[in-house]
Every structure is written in C-alpha cells, then in structure tokens.
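> heads up, no residue letters with this:
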C-alpha cells in the first residue's frame, strides 16, 4: 500500500469516526440543553413560589396594618372630640363655678374616662399614660371647683384669702391640663402623620 492509499484510508476512518462523534456531540448537546432548561424552569418555579409566599404574607400584613391604623384613627378622633368637650366644660366651669357647670363637667369627665378605656387597646401606651394624667388633673380640677362652690354656699365670701387660694390652686391644675392637651394634640398629629 502506498502512502497515498494509507492516508486516504486513515482520513476515511477519521471522517467516519468524526461524523459519529459529531452526531454524538450533537445529541449530547441537545439533551444537555433540554436538562438545563428543565432545571432552570424548576429553579424559576421554586423562586416564584417563594415570591408568592412573601407576597401573601405582605398582603396580610398590609391588610392588618391598615385595619389597625383605620381603627386607631377612628378612636383617636373620638378621643380628641371627647377631650375637647371636656376642656370646653372645664373652661365653662373655670369662668363660672356653678352647680350646673360642675354637673356638666362631671358628666363629660365620666364620658371621657369611658372613651379612653374603650380605646386603650388601640392607642399608643405613651398616649394612654398622658391621657390618664390629664384625667387625673381634670379630676383634681373637679374637686377644687366643688370645694369652691361648697365654700361659697357655706359662707358669705368675706374670707377672700381662702377663696383666692382655692382659685389659684384650681388655676395651676387648669394650666397643667391645658399643657397636657397641647402635648397630646402634638403627639396625635405625629401619630396620624405616621411619624
């Protein structure tokens, strides 16, 4: 056999093996791509399930938070209205210490206490503490005004010094509840703005 024939035979063998190799390589690539796509789809589906779970949890949290915020806003509005009515009653009692004004004030004080307790689950702890303080000051104001009214009924108001001491004591309490109402107003505004 000549070199030429040997080379032809070698090239023919290589060509036949190379063709089969190319076919095997092509089939391997096809199956490799197929398995890679399936694996990729499986990963994507797993990530999508995780995203869906997180989205569901986020939606539940959003609904719960909105429901709580709406209820809190509603209760803060009711409380603020009740506090303002109480302040108006206190101012009326301050202007004129009469049995009727004292009765109106006492009634509003009871209503405001009830509103605070009804709302206590939804209002911030710091606000609840401030509201309890303000009710305490309003109660002290009520006691002071009741003492003044009773004092005026029992005497002929010649003892001006005692009356002035009662009035100045009531004024200190009034100034304190005025301060607390402004503080609560500021806090409520911050709360409603989400600060």
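Yep, it's here. Since the structure is predicted, the reported quantities are computational estimates derived from the model, not experimental observations.

> contacts and neighbour counts: CA atoms only from here.
Will do.

> which helices and strands does the helix or strand encompassing residue 132 pack with?
Counting by DSSP states H and E, the element that carries residue 132 is helix 125-154. Packed against helix 125-154 by the contact rule (3 or more CA pairs under 8 Å, 6 or more residues apart in numbering; DSSP states H and E) you find helix 3-95, helix 99-119, helix 160-193.

> and the first one, what's its mean pLDDT?
Confidence over helix 3-95, taken as the mean pLDDT, stands at 78.

> okay, the angle between that helix and helix 99-119?
Put simply, helix 3-95 runs at 160 degrees to helix 99-119, going by axes from the mean of the first three to the mean of the last three CA atoms, to 10 degrees.

> which strands and helices sit next to helix 3-95?
Applying 3+ CA pairs under 8 Å, 6+ apart, one finds that helix 3-95 contacts helix 99-119, helix 125-154, helix 160-193.

> quick one: the residue nearest the centre of the chain from residue 116, how far?
Centroid-nearest residue in the chain, with CA atoms, centre = their mean: residue 69, separated by 5.5 Å. Residue 69 is 17 Å from residue 116, where distance means CA to CA, to the nearest Å.

> Just the residues contacting stretch 182-195, thanks.
Residues outside stretch 182-195 that contact it (CA atoms under 8 Å, 6 or more residues apart in numbering): 73, 76, 80, 127, 130-131.

> In those, find the pair that's most separated.
For these, the maximum inter-member distance is 17.4 Å, found between 73 and 130 (CA to CA).

> For residue 145, give me its contacts.
Taking CA under 8 Å, 6+ apart, we find residue 145 in contact with 93-94, 97, 102, 170.

> Which pair of the residues you listed spans the longest distance?
It's 102 and 170 that sit farthest apart of the contacts of residue 145, by CA to CA, at 13.3 Å.

> What is the burial count for residue 97?
Neighbours of residue 97 under the rule other CA atoms under 10 Å: 17.
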